[in-house]
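Asks: Predicted structure and sequence below. I'll ask about it afterward.
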Amino acid sequence: MSDRDDTLTETVLGGVVLATAVGFFVYAAGSTGGFGAPGGYELEASFRSAEGIAVGTEVRLAGVRIGTVTGMDLNPDTFLADTTFTVADGIVLPDDSAIAIASEGLLGGNFVEVIPGGSPFNLEPGDAILDTQSSVSLLTLLMRFVSGEGGE
C-alpha cells in the first residue's frame, strides 16, 4: 500500500471515531436532559438532611418523573438544606403536598418523591413545600438495631 492509501485510511478511521464520540455525547446529554430549556416551574423545600440527592436528581410523582432538583444550598440561619426543584408544566400540586427523599432500593439511588395532598388550593411557582421528610440512613438504622434502640 502507498502512503496515500494509508493517509486515506487513517482519515476515514479518524472520522468514524470522531462521529462515534459526537453521537455518544449527544445521546448522553439528551438522556440526562442536558439540551433545551428545562421548562416547568420552580418550587422549594427544606430538608434536615439532603443526603443522597444532588442537582439533577429526579423528582417523581407516583413513580413518574415530573422534574429535577435544580439547586441545593445550606441555610445558615436554620441549618437546613434548602432545595429548589422544577415541576413540569401541566402538573398541578395541591398546596398541602408533602415531599420526601426516597430510595429505589437497597442498592439503588435516591430520588425526590412528591406526595400530593387533598387541598383545593394549588402551589404557585416559587412556593415552598413545608411538609418534608429527609432521607433515612441505612447505616443509622442498622446501628440502632444492633444497639437495641429500636424504640420498643
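Replies: Thanks, I have it. Numbering: from 1, shown residues only.
Asks: drop to CA atoms for contacts and neighbour counts, all remaining ones
Replies: OK.
Asks: Report the contact partners of the residue positioned nearest the centre of the chain.
Replies: Most central in the chain under Cα atoms, centre = their mean is residue 57, positioned 1.0 Å from the mean C-alpha point. Counting by Cα atoms under 8 Å, 6 or more residues apart in numbering, residue 57 touches 68-69, 110-112.
Asks: So which bits of the helix or strand containing residue 146 are buried?
Replies: Element membership of residue 146, judged by DSSP states H and E, is helix 138-147. Using 16 or more other Cα atoms under 10 Å as the burial criterion, none of the residues of helix 138-147 qualify.
Asks: helices and strands around it, which ones?
Replies: Judged by 3 or more Cα pairs under 8 Å, 6 or more residues apart in numbering; DSSP states H and E, helix 138-147 is in contact with no other helix or strand.
Asks: about what we covered before: out of the contacts of residue 57, which is most surrounded?
Replies: Using other Cα atoms under 10 Å as the neighbour test, these are led by residue 112, with 26 neighbours.
Asks: Which segments of the chain make up each domain?
Replies: Here the domain assignment for the chain is 1-36, 41-143, based on automatic domain parsing.
Asks: Using a markdown table, lay out these together with mean pLDDT.
Replies: Output for the domains of the chain, formatted as a markdown table (pLDDT from 0 to 100):
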| stretch | mean pLDDT |
| --- | --- |
| domain 1-36 | 70 |
| domain 41-143 | 90 |
